[in-house]
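Asks: okay, sequence plus prediction incoming.
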Amino acid sequence: MAATPEKPAAAAPRRKVSRHRGEGQWAVGHFTPLNGNEQFKKDDDGLNVRTRIETIYSKRGFDSIDPNDLRGRMRWWGLYTQRRPGIDGGKTAILEPEELDDEYFMLRVRIDGGRLTTEQLRVIGEISQEFARGTADITDRQNIQYHWIRIEDVPEIWERLEAVGLSTTEACGDTPRVILGSPVAGIAEDEIIDGTPAIDEVQRRIIGNPAFSNLPRKFKSAISGSPLLDVVHEINDIAFVGVAHPEHGPGFDLWVGGGLSTNPKIGQRLGAWVPLDEVADVYEGVISIFRDYGYRRLRTRARLKFLLADWGTEKFRQVLEDEYLKRKLVDGPAPAQPVERWRDHVGVHRQKDGNFYVGFAPRVGRVDGATLTKISEVAAAHGSGRLRTTAEQKMIVLDVAEDQVDSLVSALEALDLRVNPSPFRRGTMACTGIEFCKLAIVETKARGASLIDELERRIPDFDEPITINLNGCPNACARIQVADIGLKGQLMLDKNGDQVEGYQVHLGGALGLEAGFGRKVRGLKVTADELPDYVERVLTRFQEQRESGERFAT
Ligand code: SF4
């Protein structure tokens, strides 16, 4: 029968798509790609782009790069194109990707567990100065990011990083991203258990393994045995949190399905206790569930949290035990509420071996190659050669003898790296923002830094732990939903009716065992110019009205 001519699109009835028929889960036979991302991943594994970068793109230049590699597979090796300079935030949503792309890249170096040696940091600093115009940001996932990277230089950068045991493998993309780890693993006096061997084993089995390099979307993970709950376990796809089992001793409480961005969810406990030497098995089971059952039709539903929401924790644990581990997990206790509000390890602290560790704060994670090189020299002169990055955009020098502490603190402060920072410098984080990010609508890093300086000047006696997080768009790279004051970048009209950069305000978010999302105060937006006045007003009012023991979020 001849096909009937199509009616105008406007007349087409809206058909309801059955979620269960069409979420694109491999485990129920949906192997036909349902969108462009799934198609390019099926066409060629993201890990394979490395050979093309080394043999073709780095030799023939930016214009030779296949678009599916440029905006897709290159992420598997930590490369994103950065935003073309001079494009304002109003154009972010309306320009085509190729109009936003600069011919330079952001390159993310993964630092699993935040562990660095002074030699590695020296190399990171040198690469920054030689190939990245001096840029280097410490991210809130313990990574270091460069900007202004040319494709021609990428093989040389990889060679230098890999010579000191660092890599960019699966630093971005639909992959198992960096594994967060307690920055004081193995040294803290109050540690419940050292998760380092588990991080090493997960890295060895999973990272760069083609069996796990085509996930529905990113998979974020965290392992910490610190009672401070110092790896934002609540917002990872999988997290192992140190607990002491009354019969079996120290091990980990298993959490799954956390994540921010749109539709944020706090991870949920499966009620299972996992011993150290079984963490990698359980990790492999959970990431396999995500790969096999995770939703692939819509990018907006392709995180583990959506599968968990549909299944519930009981079914999730049952599938993990029956289909993947082939054994039952041991029931276990929940972690205890930390005694401290700060989880960043900033300041001078005694280690269990009698030495000290010294945590310090740049502004909003922004450093530069020259500073990183100097930090590596200062750390080498005062410690054993070990450093850590934190999930709060801070750094720590380990293994400092008592008689070296004062000298180290002075050397860091001389670099404007504060060991005793104000609450504002300590608690303010900012994402990349409009300077380099193609999704950004507003500026973040410079504004966060100047907000810190303003607040230090205006309310120098403020003494309450406070978190102020700035995002350049509705995504959640700087975790605005779980900050005391979360600032989501957007364009708005000022009092003269002109379109300007501003922020939607979220108040009262928190992590820890009282984790919850900040309230989006209806209509409460501040322009960028008004931001210091607004935050000062909120904090001063809190100072004046707080009752004994009351914290900002209550
Ligand atoms: Fe870019 Fe938005 Fe993430 Fe900031 S929150 S880094 S602007 S995607």
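Replies: Cool, the structure landed. Predicted model, so just to flag it, every value in this text is computed and none were measured.
Asks: which parts of the stretch 351-500 of the chain sit against the ligand?
Replies: Taking C-beta under 6 Å from any ligand atom as the contact definition, the stretch 351-500 of the chain meets the ligand at 431-433, 437, 439-440, 471-473, 475, 477. Placement of C-beta: from N, CA and C, glycine included.
Asks: reformat the residues you listed as a markdown table; add neighbour count, distance to Lys520 and secondary structure.
Replies: Formatted as a markdown table, these follow (neighbours: other C-beta atoms under 10 Å; distance: C-beta to C-beta, whole Å; DSSP: H, G, I helix; E, B strand; the rest coil):
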| residue | neighbour count | distance to Lys520 | secondary structure |
| --- | --- | --- | --- |
| Cys431 | 27 | 18 | coil |
| Thr432 | 25 | 23 | coil |
| Gly433 | 27 | 20 | helix |
| Cys437 | 23 | 22 | coil |
| Leu439 | 18 | 20 | coil |
| Ala440 | 23 | 20 | coil |
| Asn471 | 33 | 13 | strand |
| Gly472 | 31 | 17 | coil |
| Cys473 | 22 | 15 | coil |
| Asn475 | 17 | 15 | coil |
| Cys477 | 24 | 18 | coil |
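Asks: in TSV, list these along with pLDDT.
Replies: Formatted as TSV, those follow (pLDDT from 0 to 100):
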residue	pLDDT
Cys431	95
Thr432	95
Gly433	95
Cys437	94
Leu439	93
Ala440	95
Asn471	96
Gly472	96
Cys473	93
Asn475	90
Cys477	92
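Asks: save those residues as TSV, and put in distance to Asp153 too.
Replies: Formatted as TSV, these follow (distance: C-beta to C-beta, whole Å):
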residue	distance to Asp153
Cys431	25
Thr432	20
Gly433	24
Cys437	21
Leu439	25
Ala440	25
Asn471	30
Gly472	26
Cys473	28
Asn475	28
Cys477	25
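Asks: got the contact list for whichever residue of the stretch 151-300 of the chain sits closest to the ligand?
Replies: Nearest residue of the stretch 151-300 of the chain to the ligand: Ser261, at 8.5 Å (C-beta to the nearest ligand atom). Residues near Ser261 by C-beta atoms under 8 Å, 6 or more residues apart in numbering: 303, 474-476.
Asks: that's a strand at it, yeah?
Replies: No - looking at Ser261 with DSSP: H, G, I helix; E, B strand; the rest coil, it is coil, so not inside a strand.
Asks: only the buried residues of stretch 515-529, if you could.
Replies: Under the neighbour-count criterion of 16 or more other C-beta atoms under 10 Å, stretch 515-529 has 515, 517-518, 525-528 buried.
Asks: returning to what we had before: distance of the residue of the stretch 151-300 of the chain closest to the ligand from Val348?
Replies: 36 Å (C-beta to C-beta, to the nearest Å).
Asks: now swap in Val256 and tell me
Replies: To Val348, Val256 is 36 Å away according to C-beta to C-beta.
Asks: of these two, which one has the most company?
Replies: Between Val256 and Val348, Val256 has the larger neighbour count (other C-beta atoms under 10 Å), namely 25 against 17.
Asks: what sits closest to the more buried one if chain neighbours are left out?
Replies: Ile238 (5.5 Å; C-beta to C-beta, 6 or more residues apart in numbering).
Asks: do I have it right that that neighbour meets Ser221?
Replies: Yes - using C-beta atoms under 8 Å, Ile238 is in contact with Ser221, at 4.9 Å.
Asks: okay, and the common contacts of the two?
Replies: With C-beta under 8 Å, 6+ apart as the test, Ile238 and Ser221 both reach Tyr283.
Asks: please identify which of the two sits among more neighbours.
Replies: Each of Ile238 and Ser221 has its neighbours counted (other C-beta under 10 Å); Ile238 has more, 28 against 24.
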